[in-house]
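Visitor: this is the structure alone, sequence omitted:
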């Protein structure tokens, strides 16, 4: 059951973005993200989106993956844009919507061109100097890996719980599935913690 969001969607390839190490890509993504947020202009927002889509094409991101991965962000962006329209007007809402989609596409380019293991190894290297301050890079990397692995599982739990609530005729009231969903999430977290502790990783 894979109806969830696109996480960890690495696509093997030989493009320039695939050949670059994770560090320069992360720095570039951060710099471009700050620029997109700082530049307040609707034409510029469409320009950023065009660049992001062009980069996605050059990276070999398929249209199906692009639509599936940006759909959850688009839903959230529409909600945010609705508030922006209410408070600041149409132009601000459109600019915000386009900016958020551009950021999502750029993040997808990074994810699609970088294996998760390469990213986690980079995190360990970056945090190496902080060992003297008591930071354990391997544990931080493990936390990232668990978070990345957990997101699709959480979406799957949410969908299963929602379907179960509907099957019992409990309707669409959030309380009918939020409570069992939270209980199941806590239960899975405890199972993960027990498994890590059994392997000597759960202090």
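Guide: Everything's here; your move. These figures come from a predicted structure and were not determined experimentally. Numbers count the residues shown, from 1 in each chain.
Visitor: what mean pLDDT does stretch 98-108 have?
Guide: Taken as a whole, stretch 98-108 has an average pLDDT of 91.
Visitor: same deal with stretch 20-34?
Guide: On average, stretch 20-34 scores 91.
Visitor: how about that stretch: buried residues?
Guide: Buried residues in stretch 20-34, counted by 16 or more other Cβ atoms under 10 Å: 22, 25-26, 32-33. For every residue, glycine as well, the C-beta is placed using N, CA and C.
Visitor: adding secondary structure and distance to residue 9, write these out as a markdown table.
Guide: What follows is those, written out as a markdown table (DSSP: H, G, I helix; E, B strand; the rest coil; distance: Cβ to Cβ, whole Å):
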| residue | secondary structure | distance to residue 9 |
| --- | --- | --- |
| 22 | helix | 15 |
| 25 | helix | 15 |
| 26 | helix | 17 |
| 32 | helix | 20 |
| 33 | helix | 19 |
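Visitor: burial of residue 134, as a residue count?
Guide: Residue 134 has 6 neighbouring residues, counting by other Cβ atoms under 10 Å.
Visitor: quick check, pLDDT for it.
Guide: Residue 134 is given a pLDDT of 81.
Visitor: would you quantify the distance from it to residue 127?
Guide: 11 Å (Cβ to Cβ, to the nearest Å).
Visitor: same check on residue 99?
Guide: In terms of Cβ to Cβ, residue 99 sits 30 Å off from residue 127.
Visitor: the more surrounded of these two?
Guide: When residue 99 and residue 127 are compared for neighbours, residue 99 comes out ahead with 24 against 17, by other Cβ under 10 Å.
Visitor: can you give me every residue that contacts the more buried one?
Guide: Neighbour list for residue 99: 36-37, 45, 48 [criterion: Cβ atoms under 8 Å, 6 or more residues apart in numbering].
Visitor: give me the element it is part of.
Guide: Using DSSP states H and E, residue 99 maps to helix 90-113.
Visitor: and the next helix or strand past that helix?
Guide: Past helix 90-113, the next helix or strand by DSSP H and E is helix 116-127.
Visitor: elements contacting that following helix?
Guide: Under the contact definition 3 or more Cβ pairs under 8 Å, 6 or more residues apart in numbering; DSSP states H and E, helix 116-127 sits against helix 22-38, helix 137-167.
Visitor: no further questions, thank you.
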